[in-house]
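1. Give the three-dimensional model of this entry:
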Amino acid sequence: MAPPILSYEDLGLIQGEGWLFRHLDVHIGPRDRLALIGRNGAGKTTLLKCLAGFIETDEGARKIVPGTKVVLLEQDPDMGAHSTLEDWVLAGAGAPAAHEAAAIAHQIGIDLSRDVKTASGGERRRAAIVRALAQEPDVLFLDEPTNHLDLGAIDWLEEWLNRFKGAFIVISHDRTFLTRLTKSCLWLDRGTLRRAEIGFGGFDAWTESVYAEEIRAAEKLDAKLKLELHWLQRGVTARRRRNQGRLAKLNEMRAQRAAMLGPAGAAKLGLAKDDVKTKTVIDAEHVFKAFGDRQIINDFTLRIQRGDRIGLVGANGTGKTTLLKLLTGELKPDSGSVTQAKTLTGIVIDQQRKLMEPTRRVRDVLAEGGDWIDVRGHKKHIKGYLKEFLFDPSLTEAPIGSLSGGERSRLLLAREFARASNLLVLDEPTNDLDLETLDLLQEVIADYDGTVLIVSHDRDFLDKTVTVTLGLDGSGKVDIVAGGYEDWARRRSEAKKSSPPRAGGTGRAAVEDRDKPFPQSLAAGGKGAKLSYKDQRDLDRLPQEIERLEREIAADEEALHDPDLYSRDPMRFAALTRAIADKRAAKEAAEHRWLEVAEMAEQLARGASAA
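-> Numbers count the residues shown, from 1 in each chain. Modelled structure (predicted):
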């Protein structure tokens, strides 16, 4: 193992009246890919700033190899003193070269001439990424890098980090992002920092084994100490069982919706039963919406039933918010109709999340200063209700300003979910939330009696939450797919593979298709053309190879579910985690290759038929 290029030994920091954490040892190797995980308020962001040298600690020694460049991508950097995003990107010590910043800005798709005051959250986030990456760091600290990014920008960032030659530590709520990128985990929990040489894909099983060990130890303690371990007694294993049951129910609902959708491309969700209208909460018929010459939504028809969980996905600017406003009645279509049930009462939790007044207390926000809160018609004591949302009940008197950004977002969710409603509208609900709160949010949505509309770029969250996905590409067309993000992405990939390039096409896509190297085995075309030996061999063998990898992944995952494995055999645990990640990558590569040669074979068949 290579020696560390940055380390902090015996790190301790006092915050408020006590230690936030103490006696932490952190060692970062030259190619480390680390996920930093912990509950909101545990001190993850503060720890990153300590490691980056932004905060002077009360104890500990920071050591760094001379010449090592450390860069911190902050969650919400202060740009207020600058007029444009470019001014901010190029300002101050350590600023990148203008040409490097311009190159990355072009790749990630941000106009740095935008005024800081009018820039959206996504534009500010992209500018922050430009400034961080263009400095060519050796060690990169990333605090919620995917917040406010659309799916295209997230994919680009993943690719950049996969090619990155240095080390990075990332805080993120995006499980897909963490699973694809990280090789090791740092877990900050109740002032203690643990490290495991496993990617995020093995994090849940690892923490489950740690909690199980602590629970066994707690059983030997007195009742008072047991009570202090109430977070453990929630039970990670119990949560996993709940998650599995919830996903089984979700898959059943998706299957029902798939049957209602009918053939691929059908636009109307309908039921054979006569009571369809009584179950309909929003009915959209041939909706068209444009702004000026730009067509946003074209001929969109959808019947949303009571209990549906609808996800809206697509790049920024493709019309997700417009479609959301059309469905909820905030916007009127240019033609067509959108009808909402007369009994529809909604809660909208938007992505701006206007945070509460910092001087107000938690009690004031939840219960107008009282001790009891009305939760959808039922009285609950605020301390008990706070526990349901993973808060320490003693926080009732805490000022809002003392909470972390994630804790404020969680408190807002607790307040909003208490209100009676039958429609829940969530616009980017996962920003600033920790992984445990995301699990809780999934549970709350699953138990919600009404209909849910979700705009999100969090792929894992959508896969575990929605029954129907509406995919927008900016052309006005809306794909309607039963299932989550992965179902929509698969459908889109299949459609792209099955659609031959149009002769004489115009625009960027046509240029890209024209510039791609044409497969040599197809160049001759006509009746005598055929696949090369290698292509034919791959076409024949890859389906069996994919099935084999799927079986092996399933077997490895089953072995990893053993709650005692990590404590009993940590080396096997780590080996299984690495094997699963490697086999998933191999399976994905095999699927892409098979689709490639299958498309080649299909084109040859069409050519032979035409000849």
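2. can you list the weak-confidence ranges in the protein?
-> Residue ranges of the chain with pLDDT under 70: 1, 215, 217-244, 261-278, 350-356, 497-529, 563, 592, 606-611.
3. got the domain boundaries for it?
-> Following automatic domain parsing, the chain resolves into domains at 6-210, 252-345+421-491, 500-610.
4. Adding mean neighbour count and distance to Asp371, write the ones you listed out as CSV.
-> Backbone N, C-alpha and C define where each C-beta goes, glycine included. Formatted as CSV, the domains of the chain follow (neighbours: other CB atoms under 10 Å; distance: least, CB to CB, whole Å):
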stretch, mean neighbour count, distance to Asp371
domain 6-210, 18, 23
domain 252-345+421-491, 18, 23
domain 500-610, 14, 39
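5. Tabulate those domains (CSV), appending distance to Leu386.
-> Listed next are those as CSV, based on distance: least, CB to CB, whole Å:
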stretch, distance to Leu386
domain 6-210, 13
domain 252-345+421-491, 12
domain 500-610, 29
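6. Of the ones you listed, which is nearest Arg216?
-> Checking those against Arg216 by CB to CB gives domain 500-610 as the closest, at 9.9 Å.
7. With adjacent residues omitted, what lies nearest to Tyr566?
-> Of all residues not flanking Tyr566 in the chain, Ser209 sits nearest, at 3.7 Å (CB to CB, 6 or more residues apart in numbering).
8. which SS state does Ile347 fall under?
-> At Ile347 the chain is in strand, as set by DSSP: H, G, I helix; E, B strand; the rest coil.
9. OK, contacts around it?
-> 416-417, 419, 421, 423-425 (CB atoms under 8 Å, 6 or more residues apart in numbering).
10. Check the gap between it and Glu397 for me.
-> As judged by CB to CB, to the nearest Å, Ile347 and Glu397 stand 27 Å apart.
11. next one: Ala589
-> In terms of CB to CB, Ala589 sits 55 Å off from Glu397.
12. what do you get for Thr469?
-> Noted for Thr469: a distance of 43 Å to Glu397, by CB to CB.
13. ditto for Asp138
-> 45 Å.
14. how about the nearest residue to the most centrally placed residue in the chain, chain neighbours excluded?
-> Against the mean C-alpha coordinate of the chain, by CA atoms, centre = their mean, the closest residue is Asp458 at 2.7 Å. Distances taken as CB to CB, 6+ apart put Thr430 closest to Asp458, at 4.4 Å, once the chain neighbours are dropped.
15. for that neighbour, helix, strand, or coil?
-> Recorded secondary structure, Thr430: coil (three-state DSSP).
16. Just list the residues touching it, thanks.
-> Thr430 makes contact with 173-174, 438, 441, 456, 458, 461 under the criterion CB under 8 Å, 6+ apart.
17. From those residues, pick the one nearest Lys49.
-> Ranked by distance to Lys49 (CB to CB), these are led by His173 at 18.8 Å.
18. Got the phi and psi for Thr84?
-> For Thr84, the backbone dihedrals (degrees, to the nearest 10) come out as phi -120, psi 160.
19. who's in contact with it?
-> Contacts of Thr84 were listed using CB under 8 Å, 6+ apart, and they are 112-116.
20. With Glu123 as the reference, measure out to it.
-> With distances taken as CB to CB, Thr84 is found 11 Å from Glu123.
21. Do you have the strands of the stretch 151-300 of the chain handy? List them.
-> 167-171, 184-189, 192-196, 280-291, 294-305 (DSSP state E, counting those that start in this stretch).
22. Dump the ones you listed into TSV; add distance to Arg584 as well.
-> TSV is the format used below for these (distance: least, CB to CB, whole Å):
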stretch	distance to Arg584
strand 167-171	19
strand 184-189	17
strand 192-196	19
strand 280-291	37
strand 294-305	34
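23. Of all those, which one is nearest Asp78?
-> Nearest of these (CB to CB): strand 167-171, 18.7 Å.
24. ok so Leu72 is a strand residue?
-> Yes. Assessed with three-state DSSP, Leu72 lies in a strand.
25. Quick check: beta-bridge partners of it?
-> Applying DSSP bridges to Leu72 gives these bridge partners: Phe141.
26. That one and Pro137 touch, don't they?
-> No. Using CB atoms under 8 Å, Leu72 is not in contact with Pro137; the gap is 9.1 Å.
27. can you give me the strands for the stretch 401-550 of the chain?
-> In the stretch 401-550 of the chain, the strands defined using DSSP E, counting those that start in this stretch lie at 423-427, 451-455, 468-472, 478-482.
28. Now tabulate those in a markdown table and tack on distance to Leu326.
-> Formatted as a markdown table, the strands of the stretch 401-550 of the chain follow (distance: least, CB to CB, whole Å):
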| stretch | distance to Leu326 |
| --- | --- |
| strand 423-427 | 12 |
| strand 451-455 | 11 |
| strand 468-472 | 11 |
| strand 478-482 | 11 |
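29. Thr343: which of these is closest?
-> Per CB to CB, nearest to Thr343 of those: strand 423-427, 9.9 Å.
30. still on that earlier bit, and the gap between the residue nearest to Asp458 and Ser172?
-> Distance, Thr430 to Ser172, using CB to CB: 10 Å.
31. what does Val281 give?
-> To Ser172, Val281 is 34 Å away according to CB to CB.
32. swap in Gly191?
-> Gly191 is 22 Å from Ser172, where distance means CB to CB.
33. what does Met600 give?
-> With distances taken as CB to CB, Met600 is found 38 Å from Ser172.
34. just Leu6 next, same as before
-> Noted for Leu6: a distance of 20 Å to Ser172, by CB to CB.
35. hang on, the residue nearest to the centre of the chain packs against Leu178?
-> No. Asp458 is beyond contact range of Leu178, at 11.4 Å (criterion: CB under 8 Å).
36. Wasn't Ala2 part of a strand?
-> No. Per three-state DSSP, Ala2 lies outside any strand segment and is coil.
37. That one: neighbour count?
-> Counted with other CB atoms under 10 Å, the neighbours of Ala2 add up to 8.
38. which residues touch it?
-> Going by CB under 8 Å, 6+ apart, the list of residues near Ala2 reads 29-31.
39. Just list the residues touching Gly450, thanks.
-> Contact analysis of Gly450 by CB under 8 Å, 6+ apart lists 281, 306-307, 421-424.
40. Now do the phi/psi pair for it.
-> The phi/psi pair for Gly450 (degrees, to the nearest 10) is phi -90, psi -160.
41. any idea how far it lies from Asp473?
-> Distance, Gly450 to Asp473, using CB to CB: 29 Å.
42. How about Ser113?
-> Taken as CB to CB, the span from Ser113 to Asp473 is 27 Å.
43. Ok, Leu178 next?
-> Note on Leu178: its distance to Asp473, by CB to CB, is 27 Å.
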